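J.: My questions concern the predicted model and sequence given below.
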Amino acid sequence: MNRTNSTHILSDRRQFLYRAGLASLFWNVPGAFAEELFPTPAQQEGPFYPDKLPLDTDNDLLVINETITPAVGTVTWLSGRILDSRGGPVRNALVEIWQCDANGAYLHSKTNNRDRRDGNFQGFGRFLTGSTGEYLFRTIKPVPYPGRTPHIHFAVKIKGRDKFTTQCYVEGEPLNEKDGLLRRVQDPRARKAIIVPFTPMAGSRIGEMAARFNVVLGLTPEA
Ligand SMILES: [Fe+2]
């Protein structure tokens, strides 16, 4: 790796951490989401949870370990909180996401478009929540693939509980109305819980987007 590239990656990582800090400061406001406390509907895990995990499973899906070339796609900061049924933060929740790359290929041996897979996209990432229940990923804006509207798969794993799986959708995507899985969710409040805005980030020179996706679990708060 030459000096310029390594400096670039370091500053990129620093900026990532800086923003992670900002996001948790800004969102750690008690009661900020009281109006959104509708239990997140569960959705099926689907067939493409990685059958072999990537070498890197951190929360930056754009860069695998210290490689230089980032993944192709619209850079998206995806964040949110894992909450119990009363809106309290859930700590030590392992949040996992997985999605297809910009060419519609998953990190799975049976994926479509395997020959066009973007080898720089991590495809899967993990984040362990702290006391605020907050998580953060840097990934790409999801794209459609045959039969599905754009979505990001989520699994939330908490010790001693069944795994919770759902999918996060993009508000305003025309294909949402045709997606068989999403159409099964009919209650407008349940739909609002899983279809969220992806908005351009002010001041981003590379067209980054941001999305907030809170997961409200049917957990009773611990005493
Ligand atoms: Fe999928």
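T.: Sure, I can see it.
J.: Low-confidence ranges, this protein, go.
T.: Applying pLDDT under 70 to the chain flags residues 1-36, 222-223.
J.: Please name the residues that touch Asp179.
T.: By C-beta atoms under 8 Å, 6 or more residues apart in numbering, Asp179 lies in contact with Arg148, Thr149, His151, Tyr169. For every residue, glycine as well, the C-beta is placed using N, CA and C.
J.: hmm, try it at 7 Å
T.: Arg148, Thr149 (C-beta atoms under 7 Å, 6 or more residues apart in numbering).
J.: what about it, distance to Pro150?
T.: To Pro150, Asp179 is 9 Å away according to C-beta to C-beta, to the nearest Å.
J.: What of Arg91?
T.: Relative to Pro150, and taking C-beta to C-beta, Arg91 is found at 30 Å.
J.: neighbour count winner among those two?
T.: The neighbour comparison of Arg91 against Pro150 (other C-beta atoms under 10 Å) goes to Pro150, with 20 against 15.
J.: Distance from stretch 180-187 to the middle of the chain?
T.: 20 Å (C-alpha atoms, centre = their mean, to the nearest Å).
J.: What residues of it count as buried?
T.: Leu182, Val185 (16 or more other C-beta atoms under 10 Å).
J.: Please save the CA atoms from it in CSV.
T.: In CSV, the C-alpha atoms belonging to stretch 180-187 read as follows (Å, rounded to 0.1, in the frame of the first residue of the first chain):
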residue,chain,number,x,y,z
GLY,A,180,-44.9,-10.0,-2.2
LEU,A,181,-43.2,-10.1,1.2
LEU,A,182,-43.7,-6.4,1.9
ARG,A,183,-47.4,-6.5,0.8
ARG,A,184,-48.0,-9.1,3.5
VAL,A,185,-47.5,-6.3,6.0
GLN,A,186,-50.7,-4.4,5.8
ASP,A,187,-51.2,-2.4,9.0
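J.: oh, and call the first residue 359 from now on, that's how I've got it
T.: All set: I'll call the first residue 359, so the last point we hit is now stretch 538-545.
J.: Helices of this protein, start to end?
T.: 361-385, 538-541, 546-552 (DSSP state H).
J.: What's opposite the residue nearest to Ile552 when sequence neighbours are not counted in the beta bridge?
T.: Closest residue to Ile552 apart from its sequence neighbours, by C-beta to C-beta, 6 or more residues apart in numbering: Tyr527 at 5.7 Å. As for beta bridges, Tyr527 partners with His509, Ile553 under DSSP bridges.
J.: Same check on Ile455?
T.: Gly483, Phe512.
J.: how much space between it and Ile510?
T.: 5 Å.
J.: what do you get for Trp456?
T.: The gap separating Trp456 from Ile510 is 8 Å, by C-beta to C-beta.
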